[in-house]
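Peer 1: my questions concern the predicted model and sequence given below.
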Amino acid sequence: MPLLRRARVSDHAALVECVHRWGDGPGAPAEPRDVSLLLPRVFLQSFSGTSLVVEDATGVRAFLVGLHSADHDDRAHIHFVGVDPALRGRGLARGLYAAFFARAAEAGRREVRAATWHRNTGSIAFHQALGFSLDTSESELDGLPVHRDYDGPGHHRVCFRKAIAG
């Protein structure tokens, strides 16, 4: 039975290794990326208390790296989520999001934001199924509002927001 727990700084190497091994799943873009740049240790050094890990006897099976905004007292962000491909479609990501929403609401947060690659159709559909709305943007690609160069030149993102109950 998998266990949901708060992330620890010592999880960093395991999470990076999982992402390398798991890949980005169906619908993910073939955009070249270095996971160490997407998931630096500082996220767990500063936000382990708002990040979550699902593990069992075999190790990490899923995780969510999230944070509460320092500049917006009512906002939280989901930065990175990974699920073992062997367990996708079984509700682990939904469970991680639900736990994150509950903890964020307990901390007084009323909105959660997230972003994904503009070609990651699986992630876009997942966020919309969870009730996230698409942020408007000045640009559109493939019928979606896209924030061009959001994470640097050529790194376009679809951004989401969701109100959470408090």
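Peer 2: Great, that's in hand. Residues are numbered from 1 along each chain as shown.
Peer 1: run through this structure and note the low-pLDDT ranges.
Peer 2: 24-36 (pLDDT under 70).
Peer 1: now do the strands in the protein.
Peer 2: For the chain, applying DSSP state E gives strands covering 3-6, 52-56, 59-68, 75-83, 111-117, 133-134, 139-141, 144-146, 157-163.
Peer 1: is it true that residue 68 touches residue 106?
Peer 2: No: counting by CB atoms under 8 Å, residue 68 does not reach residue 106; the two are 10.7 Å apart. The way it works is simple: take the backbone N, C-alpha and C, and place the C-beta from them, glycine included.
Peer 1: of these two, who's got more company?
Peer 2: residue 68 (19 against 9; other CB atoms under 10 Å).
Peer 1: and the more buried one, bridged to which residues?
Peer 2: residue 76 (DSSP bridges).
Peer 1: remind me, longest helix of the protein?
Peer 2: helix 92-106 (DSSP state H).
Peer 1: and residue 93, how far from residue 9?
Peer 2: Remark: distance between residue 93 and residue 9 (CB to CB, to the nearest Å) = 23 Å.
Peer 1: of those two, which one has the most company?
Peer 2: The neighbour count for residue 93 versus residue 9, taken as other CB under 10 Å, is higher for residue 93 (21 against 12).
Peer 1: excluding chain neighbours, what is closest to that one?
Peer 2: Closest residue to residue 93 apart from its sequence neighbours, by CB to CB, 6 or more residues apart in numbering: residue 83 at 5.2 Å.
Peer 1: likewise for residue 116?
Peer 2: Per CB to CB, 6+ apart, closest to residue 116 is residue 123, 4.0 Å.
Peer 1: what's around the one you found, how many residues?
Peer 2: Neighbours of residue 123 using other CB under 10 Å come to 23.
Peer 1: pretty sure it is in contact with residue 130, am I right?
Peer 2: No: in this structure, residue 123 is not within contact of residue 130 by CB under 8 Å, at 10.8 Å.
Peer 1: phi first, then psi, for residue 132.
Peer 2: phi -70, psi 140 (degrees, to the nearest 10).
Peer 1: isn't it right up against residue 161?
Peer 2: Yes: the pair residue 132 / residue 161 is scored as a contact, 6.5 Å apart, by CB under 8 Å.
Peer 1: closest to residue 23 out of the strands of the chain?
Peer 2: strand 75-83 (9.5 Å; CB to CB).
Peer 1: which strands or helices does that closest one pack on?
Peer 2: Where contact means 3 or more CB pairs under 8 Å, 6 or more residues apart in numbering; DSSP states H and E, strand 75-83 is packed against helix 12-22, helix 41-47, strand 59-68, helix 92-106, strand 111-117.
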